[in-house]
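Novice: kindly generate the corresponding structure for this input.
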Amino acid sequence: MTDAVVIIPTFNEIDNIEDVIRAVFSLEKKFHILVVDDSSPDLTWKTVETLQEEFLGQLFLEKRTEKSGLGTAYIHGFKWCLEKKYDYIFEMDADFSHNPLDLTRLYNCCTQTNVDMVIGSRYVKGVNVVNWPMSRVLLSYFASKYVRFITGMKIHDTTAGFICYKREVLEHIQLNDIKFIGYAFQIEMKFKAYLQGFNIKEIPVIFTDRTKGESKLSNGIISEAIFGVLSMKIKSLFNPNKP
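Specialist: Model (predicted):
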């Protein structure tokens, strides 16, 4: 048994899933993996099922019936991990945009310092993004600046999806009340933790855009992230004690 689990949400990640699973399991620090798959038409889930035979008791699969959004996939995963009593719960993409080697850095920071939530940040020290077009870098960077300004959070990478949570953070957030399902989900989770007074730290990571498979980013997702922030902030003013 290990104290740490990595949640990897998937939809059509057949080109990446086996490699990323093997990369995580090759680390000196032992992690378990939970794949939350939305019935990928490319049968990503089938590859995971096959690998479960090799990584018995380390690799777990939750297969959902339809594509329901990133946020709901993570909420599903959080509840599963809390039920299984893991102490450290991670978010990570399946496409190697997050380097599996950095999992150990996030874990060490969370266990060896007085923090409750560690973010693998693209923007805490300059801009550490590889292979993105400049338009997307600027959109992401200034979106985070905008969110930081509106919410008051002292976080540079507010849309980051590479995170280590102590279980206490997820236990205190009302997961059923999370509203956003796209990338704004990442903002909302940070904002909820911030409102609860948890100690949040960013450490620099290099984000590398996927080389296999297709990006799930869309204009609708970006709009949700940008325009949903104002309503989220306003609601917090009227419900300051609601986690």
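Novice: ok, and what's touching stretch 155-165?
Specialist: By Cβ atoms under 8 Å, 6 or more residues apart in numbering, the residues outside stretch 155-165 that reach it are 70, 88-93, 98, 102-103, 106-107, 109-110, 116-124, 140, 143-144, 147-148, 151, 183, 186-187, 189-190, 194, 200, 202, 205, 207, 225. (Glycine included, C-beta is placed from N, CA and C.)
Novice: show me what counts as buried in stretch 82-96.
Specialist: By neighbour count on 16 or more other Cβ atoms under 10 Å, the buried set for stretch 82-96 is Tyr86, Tyr88, Ile89, Phe90, Glu91, Met92, Asp93, Ala94, Asp95, Phe96.
Novice: what's the end-to-end length of it?
Specialist: 25 Å (Cα to Cα, to the nearest Å).
Novice: stretch 53-72 too?
Specialist: End-to-end distance (Cα to Cα), stretch 53-72: 27 Å.
Novice: swap in stretch 176-191?
Specialist: 15 Å.
Novice: go on, stretch 151-165?
Specialist: Termini of stretch 151-165 sit 20 Å apart (Cα to Cα).
Novice: number the chain from 222, please
Specialist: Right, with 222 as the first residue, what we last looked at is stretch 372-386.
Novice: avg pLDDT for it?
Specialist: The average of the pLDDT scores along stretch 372-386 is 94.
Novice: next: stretch 332-349.
Specialist: pLDDT averaged over stretch 332-349 gives 94.
Novice: which parts of it are buried?
Specialist: Thr332, Val336, Asp337, Met338, Val339, Ile340, Gly341, Ser342, Arg343, Tyr344, Val345, Asn349.
Novice: right, and the fourth one touches Glu423 too?
Specialist: This points to Met338. No - the pair Met338 / Glu423 is not scored as a contact, 9.7 Å apart, by Cβ atoms under 8 Å.
Novice: show me where this structure has helices.
Specialist: 238-246, 265-275, 291-304, 323-333, 355-372, 388-393, 405-416, 440-459 (DSSP state H).
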